[in-house]
Structures are given as structure tokens and as C-alpha cells.
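S.K.: curious how this folds, go ahead:
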Amino acid sequence: MNAVAQPSASVDVLFRRHLSANIGDSLGRLAHHSRSTAYQSVPVSDMSDPRDFRLTVSGLCSRTHQFSLNALRDIFELRQIHGNSTSSGPQTWTGCSLGELLEFVGHSGQATDILLVGSKRDSSNDPHEHSAVLMPFDSAINENIIVAWSLDGNSLISTRKGSEAGFGPVDAIVATDSYTHRIPGLSRIMLTTVAS
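M.R.: Residues are numbered from 1 along each chain as shown. Prediction:
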């Protein structure tokens, strides 16, 4: 059974806007480390195959977890979010709830923040080939955030074009009233505490 979420959250609520001066460098190092270790167990030549994908969840949780694309589909309830993109108009994303995934990994209750790291599948260490979004833990369990593997009924891999061609098979999707925010190629979720 599909659960369909209608966007109702505010971007200002979902994303941390005010970070102390030293946080930017710390996040950059954290994101770089996350990106460099996300595929360390997969040979570079095999990373283009979605069957080799692993989403790593680590940090302040019971233990580090890795989910294949099939595991994400099999373990969690299917969710859909209807959102808008400035270039494509209305879209439907299909995946699983980020909140349900966080509950599954057994978070310790100490995490105040969630770091979502997206990266390309190649072995480049170019800092522009990954992105990181930090959000408060309480916002991350919002029903309008999913880990998506499908867009309008098509796998994300099949819809990747141009600069997105190197990204992995899942995105983090944050649906708000007016726009759908994406973290392309989601490869790692870190439960952490960032002093603000």
C-alpha cells in the first residue's frame, strides 16, 4: 500500500540556517570522508551497476548499517511524495521514509542532526562531486522526506542526464510547499551532533 505525502513543511524548518563559523569546515571534512568511504568495498569498475550500491547509515546509531537498493525496497513501506520542480513541473517520487529508516537503525537519542551526503559513483576526490545537507534530527523524521529510487515511475538511474549521469540510484527528497529539494546520489546518512 502506498502512503502519499502532500508537501506541508517549511524549508526554514527543515534546514539548518545558522551554523557557527567553524562548522562549515567540519561539515566539509565530514562530507569528504563520507564520500571517500561510501563505496570503499566496491571496485571502481563495478560502481555503475545499481546492484552494487550501498547506502551507509552511521554515527550515533546502534551500529553502522548498509542497505542495498533491493533492501530499501524490501524492508520499508513504499512512500510517494508529489512535488514540484522549476524545470519539470509536478513530479512523483517513490521510495521509503527517512524517518522509518532512522527508526530501523536504532538511533541512540543523542543525535541532534542528520547529515545527508550525496556523491557521484566514480573515484574522483573532487569536492564538487559530492554534496552535503545538514538538518535537525527532528526535521529529518518529517513525513515529507524520503529516500527515493524512482521518479514518475522510472528508476533514477534511467533518468540521469548531463551532470547528474554519475550519481547513484537514490536521492534524498525533501518536499515543501513550493519546491522539491533533492540531494542527488545519496550515499551516506550520518547521525551526528553539531553545536550551533
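S.K.: how far away is residue 160 from residue 187?
M.R.: The gap separating residue 160 from residue 187 is 14 Å, by C-beta to C-beta, to the nearest Å. Backbone N, C-alpha and C define where each C-beta goes, glycine included.
S.K.: more neighbours, these two?
M.R.: Remark: of residue 160 and residue 187, residue 187 carries more neighbours, 24 against 17, as counted by other C-beta atoms under 10 Å.
S.K.: so which strand or helix has that one?
M.R.: Applying DSSP states H and E as the criterion places residue 187 in strand 186-192.
S.K.: tell me if I'm right that residue 66 and residue 54 touch.
M.R.: Yes. If you go by C-beta atoms under 8 Å, residue 66 and residue 54 touch, sitting 4.3 Å apart.
S.K.: compare neighbour counts for those two and give me the winner.
M.R.: Under the neighbour definition other C-beta under 10 Å, residue 66 and residue 54 were set side by side, and residue 54 has more, 18 against 14.
S.K.: wouldn't the more buried one be in contact with residue 71 here?
M.R.: No. Using C-beta under 8 Å, residue 54 is not in contact with residue 71, being 9.0 Å away.
S.K.: can you give me the strands for the protein?
M.R.: 3-5, 55-59, 65-67, 78-85, 89-97, 113-119, 130-136, 145-151, 154-155, 171-175, 180-183, 186-192 (DSSP state E).
S.K.: redo the ones you listed as a markdown table? Include distance to residue 164 and mean pLDDT.
M.R.: Output for the strands of the chain, formatted as a markdown table (distance: least, C-beta to C-beta, whole Å; pLDDT from 0 to 100):
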| stretch | distance to residue 164 | mean pLDDT |
| --- | --- | --- |
| strand 3-5 | 24 | 46 |
| strand 55-59 | 18 | 94 |
| strand 65-67 | 21 | 95 |
| strand 78-85 | 13 | 84 |
| strand 89-97 | 14 | 89 |
| strand 113-119 | 10 | 88 |
| strand 130-136 | 12 | 81 |
| strand 145-151 | 11 | 94 |
| strand 154-155 | 13 | 92 |
| strand 171-175 | 9 | 89 |
| strand 180-183 | 10 | 84 |
| strand 186-192 | 13 | 92 |
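S.K.: mind putting the ones you listed into a markdown table with distance to residue 105?
M.R.: Compiled in a markdown table, these are given as follows (distance: least, C-beta to C-beta, whole Å):
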| stretch | distance to residue 105 |
| --- | --- |
| strand 3-5 | 20 |
| strand 55-59 | 5 |
| strand 65-67 | 5 |
| strand 78-85 | 17 |
| strand 89-97 | 13 |
| strand 113-119 | 11 |
| strand 130-136 | 17 |
| strand 145-151 | 12 |
| strand 154-155 | 24 |
| strand 171-175 | 15 |
| strand 180-183 | 18 |
| strand 186-192 | 8 |
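S.K.: which one of those strands lies closest to residue 104?
M.R.: Closest to residue 104 of those is strand 65-67 (C-beta to C-beta; 7.8 Å).
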